[in-house]
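S.K.: the amino acid sequence is not available; the structure is as follows:
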């Protein structure tokens, strides 16, 4: 089982750090919170990416 961080998501999707953090905290994204940090299982991220055509980022939780 491999987990991705916001920095990993940032690099994979070519996002800014703020956008990656917002994505990790957006409802519907398969992340889990561990302490103050968010992680997403790589397999669940790949499934989510295939299913999702667009998403509105929630910057209010950053």
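M.R.: Yes, it's here. The structure presented is a predicted model; accordingly, all values stated were derived computationally and were not measured.
S.K.: burial count for residue 4?
M.R.: 21 (other Cβ atoms under 10 Å). Heads up, the C-betas are built off the backbone N, CA and C, glycines and all.
S.K.: residue 60 versus that one, what's the distance?
M.R.: If you measure residue 4 against residue 60 using Cβ to Cβ, to the nearest Å, the figure is 23 Å.
S.K.: ok, residue 2 next?
M.R.: Residue 2 sits at a distance of 29 Å from residue 60 (criterion: Cβ to Cβ).
S.K.: tell me the centre residue of the chain?
M.R.: Closest to where the C-alpha atoms of the chain average out (Cα atoms, centre = their mean) is residue 24, at 3.3 Å.
S.K.: doesn't it fall inside a strand?
M.R.: No. Applying DSSP: H, G, I helix; E, B strand; the rest coil, one finds residue 24 to be helix, outside a strand.
S.K.: tell me where this structure has strands.
M.R.: For the chain, strands defined by DSSP state E occupy the ranges 3-4, 31-34, 37-41.
S.K.: adding distance to residue 20 and mean pLDDT, write those out as CSV.
M.R.: Formatted as CSV, those follow (distance: least, Cβ to Cβ, whole Å; pLDDT from 0 to 100):
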stretch, distance to residue 20, mean pLDDT
strand 3-4, 10, 97
strand 31-34, 11, 95
strand 37-41, 10, 96
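S.K.: with distance to residue 13 as extra columns, can I get these in a markdown table?
M.R.: What follows is those, written out as a markdown table (distance: least, Cβ to Cβ, whole Å):
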| stretch | distance to residue 13 |
| --- | --- |
| strand 3-4 | 10 |
| strand 31-34 | 14 |
| strand 37-41 | 12 |
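S.K.: the helices in this protein, which residues?
M.R.: For the chain, the helices defined by DSSP state H occupy 6-13, 17-25, 42-51.
S.K.: need the winner for burial among those.
M.R.: helix 17-25 (a mean of 19; mean count of other Cβ atoms under 10 Å).
S.K.: distance to residue 36 and mean pLDDT added to the helices of the chain, as a markdown table?
M.R.: Listed next are those as a markdown table, based on distance: least, Cβ to Cβ, whole Å; pLDDT from 0 to 100:
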| stretch | distance to residue 36 | mean pLDDT |
| --- | --- | --- |
| helix 6-13 | 11 | 96 |
| helix 17-25 | 11 | 94 |
| helix 42-51 | 20 | 94 |
